[in-house]
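Enquirer: The following block contains a protein sequence and its predicted model.
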Amino acid sequence: MTVVTRFAPSPTGFLHIGGARTALFNQLYAQRYGGQFLLRIEDTDPARSTDAAKRAILDGLRWLGLEWDGAPVYQSDRLERHAAVAQELLDAGGAYRCYCSPDELAAMREAARRRGSGRLYDGTWRDRNPAEAPEGVAPVVRLRAPLDGETVVDDAVQGRVTVRNDQLDDMVLLRADGTPTYMLSVVVDDHDMDITHIVRGDDHLTNAFRQTLIYRAMGWDIPAFAHIPLIHGPDGAKLSKRHGALGVEAYRDMGFPPEAVCNYLARLGWSHGDDEIFSMAQAADWFDLKDVGRSPARFDPAKLTSLSAHYIREMADGPLADMIEPLVAGLLGAPLSQTQRTRLRAGLSGLKPRAKTLADLAESALFYCRPRPLAPDAKAAKLLDDAGKARLALGRAAIAGLDDWSAGHAEAAIRAAAESSGEKLGSLAQPLRAALTGSTVSPGIFEVLEVLGRAESLGRIDDSLGRTAG
RNA sequence: GACCCCAUCGUCUAGUCAGGUCAGGACGUCACCCUUUCAAGGUGAAAACACGGGUUCGAAUCCCGUUGGGGUCACCA
């Protein structure tokens, strides 16, 4: 049997971080078993299902590299099919029409709740003669669910979960306006799409029982279920807006590389021994449902950040430079010149180990691209007092005549100057740093010197010294 | 409230299914080393089997209970 999994989000305006993990697990499982990973957009609620909301889902998935097989299925295209299945059920006696008013239903729920019963609908129209139907009331179609016995879901993650059928009521399949409910649509679509494994959040676990009943009523094969624990916020409750960013695009905008997000998400609730850092290709070789935990995991931005820093360090300079150039240009307010681009690229190796996110990296690279004269920040300005300028002049004298403008030679020259003047290396290096970068924090100052080049370096030093001539 | 699920360092987790090394790793925290700043890197430290009963020579691991946390209870998805 070929494995077919699916991700079936409803459009909410963004790809939820938890949804992204669900999608990832589905894809990983399909890849592991050489199967297919399909995408279905559950857009039957017109209020939510704007084009922008649908696009946000696709964009989020693509950004993470979660490519699906085939064209996405839009549930809204399949309404007639859903209604037809309801009609089949009606014809076969597996479903019936119910004419209860909203008020009656509310009263039933109230009564059920007082009784402590799980069955919210009391079955009023289950066996009632349709001839007694009130005039002018459009009925809903309900499933004729079993009254006794129990329903079992053999879940690949949760294990065997059993519920008494008296906890399940006759759910609505078709609304009064003839549109299908979620419960019906999901089952029909999953069946028609030949889904073999339904991997989704465990907030759907109770739905699995109701859906099982529909599969049975239609005589369809029941797919394997795997209900993965939800991602919780730091306070232990289901991740929601009050916990901060929910959409993956927010993490993209904060500058987290997609590799880091995937790696982090893969490790939330799933593990392969002590492996922490791995590619999704590697994960696809390892992934199995039996290694998914049953307890919910809390979202930890600190760990995501450390993964982000790791992947940035590992990235090759070329692609990285291309990635952050637009960010730097944005901060600068102008496109980069060839010189700026070259410096950016050359400076990356020293910048990379200092960045947590791509946004950090772009910001830290800014000083390489800023035009003279630099405006030093407060701490840097303090380093450039008269005493600092004197030491800066000392440093300038040591390197100005260098034939070979490389980090190694600059370092040798400055060290020698420090020694002969009785200064510590740091007291020469810090004013130099302030002059060259406008900051007290930067990559190794000799490397900065080399990346900036002779003319720019000397120019920046002279700006700080207050000289006009280079 | 009813039904269902869950429980190892602050967090993610290995170990649980087939009971038996000082309960391992990672993130975070702290210390030290490296060092021209800040990072990165290296070394080390503190840090957990929720509780109570069983079963057993032996329990993080199996069973029961308690407590705690979570999810679901629509003509939303």
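Expert: Okay, I see it.
Enquirer: Where do the strands of chain A begin and end?
Expert: A:4-7, A:36-41, A:73-74, A:95-98, A:140-143, A:150-155, A:159-164, A:172-174, A:197-201, A:224-228, A:231-232, A:297-298 (DSSP state E).
Enquirer: What pairs with the fourth one, parallel or antiparallel?
Expert: In this case it means strand A:95-98. Strand A:95-98 has the following strand partners under DSSP bridges: strand A:140-143 (antiparallel).
Enquirer: mind giving me JSON lines with the strands of chain A and columns for distance to A:Arg210, mean neighbour count and mean pLDDT?
Expert: (Each C-beta comes from the backbone N, C-alpha and C, glycine too.) What follows is these, written out as JSON lines (distance: least, CB to CB, whole Å; neighbours: other CB atoms under 10 Å; pLDDT from 0 to 100):
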{"stretch": "strand A:4-7", "distance to A:Arg210": "19", "mean neighbour count": "25", "mean pLDDT": "97"}
{"stretch": "strand A:36-41", "distance to A:Arg210": "19", "mean neighbour count": "22", "mean pLDDT": "97"}
{"stretch": "strand A:73-74", "distance to A:Arg210": "22", "mean neighbour count": "17", "mean pLDDT": "96"}
{"stretch": "strand A:95-98", "distance to A:Arg210": "13", "mean neighbour count": "22", "mean pLDDT": "94"}
{"stretch": "strand A:140-143", "distance to A:Arg210": "8", "mean neighbour count": "24", "mean pLDDT": "95"}
{"stretch": "strand A:150-155", "distance to A:Arg210": "9", "mean neighbour count": "16", "mean pLDDT": "92"}
{"stretch": "strand A:159-164", "distance to A:Arg210": "10", "mean neighbour count": "12", "mean pLDDT": "90"}
{"stretch": "strand A:172-174", "distance to A:Arg210": "10", "mean neighbour count": "24", "mean pLDDT": "95"}
{"stretch": "strand A:197-201", "distance to A:Arg210": "13", "mean neighbour count": "22", "mean pLDDT": "96"}
{"stretch": "strand A:224-228", "distance to A:Arg210": "12", "mean neighbour count": "23", "mean pLDDT": "96"}
{"stretch": "strand A:231-232", "distance to A:Arg210": "24", "mean neighbour count": "21", "mean pLDDT": "92"}
{"stretch": "strand A:297-298", "distance to A:Arg210": "27", "mean neighbour count": "16", "mean pLDDT": "93"}
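Enquirer: Can you add distance to RNA strand B and give those back as TSV?
Expert: Listed next are those as TSV, based on distance: least, CB to the nearest atom of the strand, whole Å:
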stretch	distance to RNA strand B
strand A:4-7	12
strand A:36-41	9
strand A:73-74	11
strand A:95-98	7
strand A:140-143	5
strand A:150-155	8
strand A:159-164	5
strand A:172-174	4
strand A:197-201	8
strand A:224-228	8
strand A:231-232	6
strand A:297-298	3
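Enquirer: any chance of those in a markdown table, plus distance to A:Gln27?
Expert: Shown next, in a markdown table, are the strands of chain A (distance: least, CB to CB, whole Å):
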| stretch | distance to A:Gln27 |
| --- | --- |
| strand A:4-7 | 7 |
| strand A:36-41 | 5 |
| strand A:73-74 | 16 |
| strand A:95-98 | 35 |
| strand A:140-143 | 32 |
| strand A:150-155 | 20 |
| strand A:159-164 | 24 |
| strand A:172-174 | 31 |
| strand A:197-201 | 10 |
| strand A:224-228 | 13 |
| strand A:231-232 | 17 |
| strand A:297-298 | 19 |
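Enquirer: Get me the contact residues on the stretch 251-400 of chain A for RNA strand B.
Expert: Contact residues, the stretch 251-400 of chain A versus RNA strand B (CB under 7 Å from any atom of the strand): A:267-271, A:273-274, A:276, A:291, A:293-298, A:300, A:302-303, A:305-306, A:309-310, A:313, A:353-354.
Enquirer: which among those residues end up buried?
Expert: Listed as buried from these are A:267-270, A:296-297, A:305, A:309-310; burial here means 16 or more other CB atoms under 10 Å.
Enquirer: Helices of the stretch 301-450 of chain A, start to end?
Expert: Remark: helices assigned in the stretch 301-450 of chain A by DSSP state H, counting those that start in this stretch are A:301-314, A:317-332, A:338-351, A:358-369, A:378-383, A:386-400, A:407-421, A:425-437, A:445-452.
Enquirer: ugh, wrong one, I meant the stretch 101-250 of chain A
Expert: Ranges of helices in the stretch 101-250 of chain A, per DSSP H, counting those that start in this stretch, are A:102-115, A:182-192, A:205-218, A:248-253.
Enquirer: which intervals of chain A have sub-threshold pLDDT?
Expert: Chain A contains residues with pLDDT under 70 at A:467-470.
Enquirer: Show me how it divides into domains.
Expert: Under the assignment automatic domain parsing, the domains of chain A span A:4-71+A:231-303, A:77-228, A:315-369, A:378-465.
Enquirer: do you know how far A:Ser307 is from A:Tyr264?
Expert: To be clear, residue A:307 is Leu; Ser isn't right here. Per CB to CB, to the nearest Å, A:Leu307 is found 5 Å from A:Tyr264.
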